[in-house]
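In: Pasting a predicted model and its sequence here:
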Amino acid sequence: MTTSNYATERETTEGKVFTVTGGDWDEVVSGTDPINDERIVVNMGPQHPSTHGVLRLVLELEGETVREARSVVGYLHTGIEKNLEYRNWVQGSTFVTRMDYLSPLFNETAYALAVEKLLGITDDITERATTIRVLMMELNRVSSHLVWLATTAMELGAINMMLYGFREREYVLDIFETITGLRMNHAYVRPGGVAQDVPDDAIRKIRDFLTLMPKRLKEYENLLSGQPIWLERTQHVAVLDVTACMALGVTGPVLRSAGLAWDLRKTMPYCGYETYEFDVPTHTDGDVWGRYLVRVAEIRESLKLIEQALDRLKPGPVMVSDKKIAWPAQLAIGVDGMGNSLEHVAKIMGQSMESLIHHFKLVTEGFRVPPGQVYVGIESPRGELGVHAVSDGGTRPYRVHYREPSFVNLQALPAMAEGGLIADVIAGGASLDPVMGGCDR
Amino acid sequence: MTTPNDKTNDGGVPVPTTPAGASSTAPAEYPPASPAGRGMFGNQGTGDVSGYGGLVRPRKPIEEAARPYGSYFDEVRDALEEAYPDFGDAIEKVVVDRGELTLHVRPERIAEVCQVMRDDLALRFELLSSLSGVDYLGAERRLHVVYQLTSMTYRRMVRLEVAVSAEQPHVPSVTAVYPTADWQEREAYDMFGVVFDGHPALTRILMPDDWEGYPQRKDYPLGGVPVEYKGAEIPPPDRRRSYQ
């Protein structure tokens, strides 16, 4: 029989019984402060309404204070980068659009710019195509920021803002549907230009949106900007200064809310952004409140950009003239979505054998891209969205890597959350605006 | 499936010249030669009926850039040479292509070079924009790590590139210089098996912890199952007919 040093024991008819109260147990228990010393580990997610998708947070708590926060990502990894290597360059746009599902047009444009740089046709992209890209990206920035506003407000308890945010976002998605045929996953921006021209109907809808949106923005601000709960939950919460942002590679509205006006549209312009008139909103507090103000101000700037882009929209081609690169078919929206127009099908099937061969070669095999590597960075709603593309000279990407702002920015979550309250983890995490589809790719 | 470095010569067509670096240990190279660049449609053999069956377009090897590089590239090189006395030893090659400057760095020196690139007043590359891996299967040092540095002060970008072999995939971690490299190095380890020495916690990040193999290496299959559609079976993408 064993004897215990830690508890008294006595024999009963059922066997030996240890008494584990009293003795040195009392000393052990009284030596700790159950309120302040007890650390518990809380697993938040991967399925949690406040984690913006399948993000898992492991929080070590002391009371309500977060002592350690670790984020676990990868639950939405779909191997898009690997898949790209098995499809031709044009097919790539249908994959990359699915990465960050709140800003598909940015994914597509970054990819298209990289492929065009590899092909050496950056200067051949028509003015109309570039203007349409700017138009679409800025509309997309508005819709993405609206989703951010809606979800963040919901997580902090302002449910009505969630309804309004998604309502206006639906308006933008309606415009996208008119132009591309789809609300999301457009595959609209393609290497060489855009898939098809903007219909007149869409221009009218965008003009309506431009008159509607400023009023709605005022409504949001009336609802949130002076509201005591909103102020309490956002001001001086999850602070990250410029130094921390740069060390952790955080870009986009989070960096600008800390005071550095770093916006690739201004600092390293692409798509002719240097010719547009717009401001880069900043704030100095580096907290959730600052990020809210910066994003709302960015929606206003985007509206300015959309208006300018609409005014510049002059008739012209939307694809490069090089027939070895441009998609051979005219596209049209049918009852089942976008596809080759009926006239084109009639032509290649009934009139021109050469057109059929050309269509077949370009669509099944694709064009060749001269070997080399490029890096292109654009300003997505979340920060720098970079594409590193490598070609071996073949018809498929050799390697495409996305520098995803969601992925890089999420590293800053422990820096924001540790030492703060658990409720501020939600506000801080939401203020980074992570989209897990983009983060995990 | 045609492998990327398949150089079979079954139709009497001359094999393209081997790209620079594929046989030497220099890290600068194009991805291994595919039949790309052979004729307009990349035919194997003489699928060409035009009478020009022997048409071969040799690929230009990537060459060390000659001074002056143009743009801000000369300034960056001069500043780095001045601030970093070991420049000649650490930098294997300087390449200028498509308006981008690439410095090929000896792997063991990458953290030092990054430190100088970040701290020197004339360089000031404060932000590591992106870190990613590329697998140049067929080359001796096939695993490359690519660093995109951004100078916010001067609004410049420079690419650093290191190459290691799959047997000795060790690269010093740059997390001490750029904390943002943390997750990105974990991703490169996860996908390519590059081991970053000195990383605080080098574990898988996108794949599950117990995953075997490095999915984005070129010899790792895409996988997938055949799909049956209207009675026909469509093979997974990596077993479909290849137009390479």
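Out: Great, that's in hand. Just so you know, these numbers come straight off a predicted model, no measurement behind them. Numbers count the residues shown, from 1 in each chain, chains lettered A, B, ... in the order given.
In: Show me which residues of the helix or strand harbouring A:Glu307 are buried.
Out: Taking DSSP states H and E as the definition, A:Glu307 sits inside helix A:288-312. The neighbour-count check on helix A:288-312 (16 or more other C-beta atoms under 10 Å in any protein chain shown) flags A:288-303, A:305-309, A:312 as buried. In short, each C-beta sits where N, CA and C put it, glycine included.
In: measure the residue most central in space within chain B to chain A for me?
Out: The centre of chain B sits closest to B:Val134, judged by C-alpha atoms, centre = their mean, with a distance of 4.1 Å. Computed as C-beta to the nearest C-beta, to the nearest Å, the B:Val134 to chain A distance reads 5 Å.
In: Show me the beta-bridge partners of that residue.
Out: Counting by DSSP bridges, B:Val134 forms beta bridges with B:His144.
In: And for A:Val194?
Out: Beta-bridge partners of A:Val194, as defined by DSSP bridges: A:Val189.
In: Assess the claim that it and A:Val134 are in contact.
Out: No - in this structure, A:Val194 is not within contact of A:Val134 by C-beta atoms under 8 Å, at 11.1 Å.
In: More neighbours: the two, which one.
Out: A:Val194 (29 against 23; other C-beta atoms under 10 Å in any protein chain shown).
In: what's that one in contact with, if anything?
Out: By C-beta atoms under 8 Å, 6 or more residues apart in numbering or on different chains, the contact set of A:Val194 is A:129, A:132-133, A:136, A:188, A:318-319.
In: and the residues you listed, which two are the farthest apart?
Out: Spatial extent of the contacts of A:Val194 (C-beta to C-beta) is set by the pair A:Met136 and A:Met319 at 15.2 Å.
In: Got the confidence number for the closest residue in space to B:Gly193 that isn't next to it in sequence?
Out: Among residues not flanking B:Gly193 along the chain, B:Tyr214 sits closest, at 3.9 Å (C-beta to C-beta, 6 or more residues apart in numbering or on different chains). On pLDDT, B:Tyr214 comes in at 91.
In: Next, B:Tyr214: phi, psi?
Out: The phi/psi pair for B:Tyr214 (degrees, to the nearest 10) reads phi -120, psi 100.
In: so what's B:Gly88 up against?
Out: B:Gly88 neighbours (C-beta under 8 Å, 6+ apart): none.
In: Distance of it relative to B:Leu149?
Out: Between B:Gly88 and B:Leu149 the computed distance is 20 Å (C-beta to C-beta, to the nearest Å).
In: what do you get for B:Val171?
Out: In terms of C-beta to C-beta, B:Val171 sits 16 Å off from B:Leu149.
In: Identify the residues contacting the residue nearest to the centre of chain B.
Out: A:373, A:390, A:398-399, A:401, B:143-144, B:146, B:192.
In: okay, residue 226: pLDDT?
Out: Chain wasn't specified; assuming chain A. 85.
In: that's the other chain; I wanted chain B
Out: 82.
In: same check, this time on B:Arg141
Out: pLDDT at B:Arg141 comes out at 88.
In: wait, it sits on B:Pro169?
Out: No - the pair B:Arg141 / B:Pro169 is not scored as a contact, 9.5 Å apart, by C-beta under 8 Å.
In: Pull up the overlap in contacts between the two.
Out: In contact with both B:Arg141 and B:Pro169: no residue, using C-beta under 8 Å, 6+ apart.
In: residue ranges of the strands in the chain, please?
Out: Going with chain A. Along chain A, counting by DSSP state E, strands occupy A:8-12, A:15-19, A:39-44, A:56-62, A:65-72, A:189-190, A:193-194, A:331-334, A:337-340, A:372-380, A:383-391, A:399-403.
In: Chain B was what I was after
Out: With DSSP E as the criterion, chain B has strands spanning B:91-97, B:100-105, B:127-135, B:143-151, B:156-164, B:170-172, B:195-197, B:227-229, B:232-234.
In: Export those to a markdown table and append columns for distance to A:Trp327.
Out: Shown next, in a markdown table, are the strands of chain B (distance: least, C-beta to C-beta, whole Å):
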| stretch | distance to A:Trp327 |
| --- | --- |
| strand B:91-97 | 27 |
| strand B:100-105 | 27 |
| strand B:127-135 | 28 |
| strand B:143-151 | 30 |
| strand B:156-164 | 31 |
| strand B:170-172 | 41 |
| strand B:195-197 | 41 |
| strand B:227-229 | 24 |
| strand B:232-234 | 23 |
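In: show me what contacts A:Val142?
Out: A:172, A:213, A:299, A:302-303, A:306 are the contacts of A:Val142 under C-beta under 8 Å, 6+ apart.
In: Nearest residue to the residue of the stretch 151-300 of chain A found nearest chain B in space, please, no chain neighbours.
Out: Proximity of the stretch 151-300 of chain A to chain B (C-beta to the nearest C-beta) peaks at A:Gly249, 2.8 Å away. Counting by C-beta to C-beta, 6+ apart, A:Gly249 lies nearest to B:Thr180, which is 2.8 Å off, once chain neighbours are set aside.
In: so that neighbour sits right up against A:Phe407, yeah?
Out: No - in this structure, B:Thr180 is not within contact of A:Phe407 by C-beta under 8 Å, at 10.3 Å.
In: Nearest to A:Thr180 among the contacts of B:Val134?
Out: Among the contacts of B:Val134, and counting by C-beta to C-beta, the member closest to A:Thr180 is A:His401, at 25.7 Å.
In: burial count for that closest one?
Out: Neighbour count of A:His401, defined by other C-beta under 10 Å: 27.
In: Give me the pLDDT for the closest residue in space to it that isn't next to it in sequence.
Out: In space, A:His401 comes closest to B:Ser132 once its chain neighbours are excluded; the distance is 3.8 Å by C-beta to C-beta, 6+ apart. pLDDT for B:Ser132: 92.
In: same check, this time on B:Ala90
Out: pLDDT, read off for B:Ala90, is 86.
In: how about the closest residue to it other than its chain neighbours, what does it touch?
Out: Nearest residue to B:Ala90 in three dimensions, chain neighbours excluded: B:Arg109, at 3.8 Å (C-beta to C-beta, 6+ apart). Taking C-beta under 8 Å, 6+ apart, we find B:Arg109 in contact with B:86, B:89-90.
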